[in-house]
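Trainee: Output the structure for:
(one chain, ligands or ions: 1)
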Amino acid sequence: MSGHMLVTGASAGIGAALCRRAVARGWRVTAWARRSERLTDLQSELGAACHIATVDVTDAESIAAGVASAVATHGAFNAIVANAGRGVDGEILDLSVNDISAVFDVNVLGVHRCLQATRPHWADKARIIIVSSIVAYLSIPRMGAYCATKHAVDAYAAALRVELAASGHHVCTINPGTIDTEFFDVAPTPGRQWTWRPGQALRAERVARAMERVARGGHRRRIVLPGSAYAVIALARLCPAIGERLLRRALGRMRAAESAAEKPEHP
Ligand SMILES: NC(=O)c1ccc[n+]([C@@H]2O[C@H](COP(=O)([O-])OP(=O)(O)OC[C@H]3O[C@@H](n4cnc5c(N)ncnc54)[C@H](OP(=O)(O)O)[C@@H]3O)[C@@H](O)[C@H]2O)c1
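Mentor: Numbering: from 1, shown residues only. The predicted structure follows:
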């Protein structure tokens, strides 16, 4: 199956990669993000099959305008990919309520706004794809607030899947490990650098391929990438104490290195 696919967060990373993949596979695509110049470049590359709109998923009015122009251009939505997301870095109690609410606003409420606003225009047997993360299965220190958003969208998707089952719409979460995108280049919180910058990363095209496959059909409820990440999930689920001990040690090493770097040199 193909048809009309909506991709949020399409100006970069896996969203942009998915738009390229989907158009190459015959989809009509609507691409949403805030950076309109990036979207214009994407449209020049992909042509008329790619409709673009400047949409901020925290802003209901821009979503409503985006839905209207998408439906007028490409018709009802066959697949909705709620991908727009951002991070936040820092130990939980160092983050302000504003820091935490801003990341929930995009990663959780942004998904809800987009699904609710598009709902009247879903085609028969629409595919709902919600981009979560491997961190929906485990919480990493100094990324706790981001991890909480991904736990939340996983829980949201699980209930939605059951609620929509009778209507024939299918809900799938994508739970990738680290991906080689701009995610870690975008400042997690103004004035702060990411603590974790994982070395090994999936290619965005690989994740996009898996997403497009789900959009076309199949009944997978979640897709974890890479396959080896199942070992991490098994550790977190079956031996949480061991997982926590490893994370505690890593955090201890990080704090020790930071306080050594802060100490003045010996005269
Ligand atoms: N990279 C990773 O390691 C990784 C791993 C697991 C899961 N994920 C998830 O994958 C998704 C995509 O991330 P990525 O890795 O492709 O990162 P990315 O390259 O930074 O792309 C993020 C996209 O989200 C958009 N976005 C952010 N805030 C938005 C808002 N308020 N309204 C509309 N669009 C917004 C950005 O566009 P504008 O800035 O132009 O609005 C951009 O297109 C996210 O949900 C992320 O949590 C990433």
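
Trainee: Downstream of the longest strand seen in the chain, the next helix or strand is which one?
Mentor: With residue count as the measure and DSSP state E as the assignment, the chain has strand 122-131 as its longest strand. Of the helices and strands lying after strand 122-131 in sequence (DSSP states H and E), the nearest is helix 144-165.

Trainee: That following helix close to the ligand?
Mentor: No - when contact is scored as Cβ under 6 Å from any ligand atom, no part of helix 144-165 falls within range of the ligand; the minimum is 6.9 Å. In short, each C-beta sits where N, CA and C put it, glycine included.

Trainee: Now do that helix: which elements does it pack against?
Mentor: helix 97-104, helix 110-118, strand 122-131, strand 170-176 (3 or more Cβ pairs under 8 Å, 6 or more residues apart in numbering; DSSP states H and E).

Trainee: mind running it again at 6 Å?
Mentor: Using 3 or more Cβ pairs under 6 Å, 6 or more residues apart in numbering; DSSP states H and E, the elements in contact with helix 144-165 are helix 97-104, strand 170-176.

Trainee: Quick one: distance of it to the chain centre.
Mentor: On the basis of Cα atoms, centre = their mean, to the nearest Å, helix 144-165 is displaced by 12 Å from the centre of the chain it belongs to.

Trainee: outside of that helix, which residues touch it?
Mentor: Outside helix 144-165, the residues within contact range by Cβ atoms under 6 Å, 6 or more residues apart in numbering are 87-88, 92, 95, 100, 103-104, 107-108, 111, 130, 132-133, 135-136, 139-140, 171, 173.

Trainee: Also near the ligand: which of the residues you listed, exactly?
Mentor: Cross-checking the contacts of helix 144-165 against the ligand (Cβ under 6 Å from any ligand atom) gives Ser133 as the overlapping residues.

Trainee: Endpoint to endpoint, stretch 166-185 covers what distance?
Mentor: The stretch stretch 166-185 measures 41 Å between its terminal residues, going by Cα to Cα, to the nearest Å.
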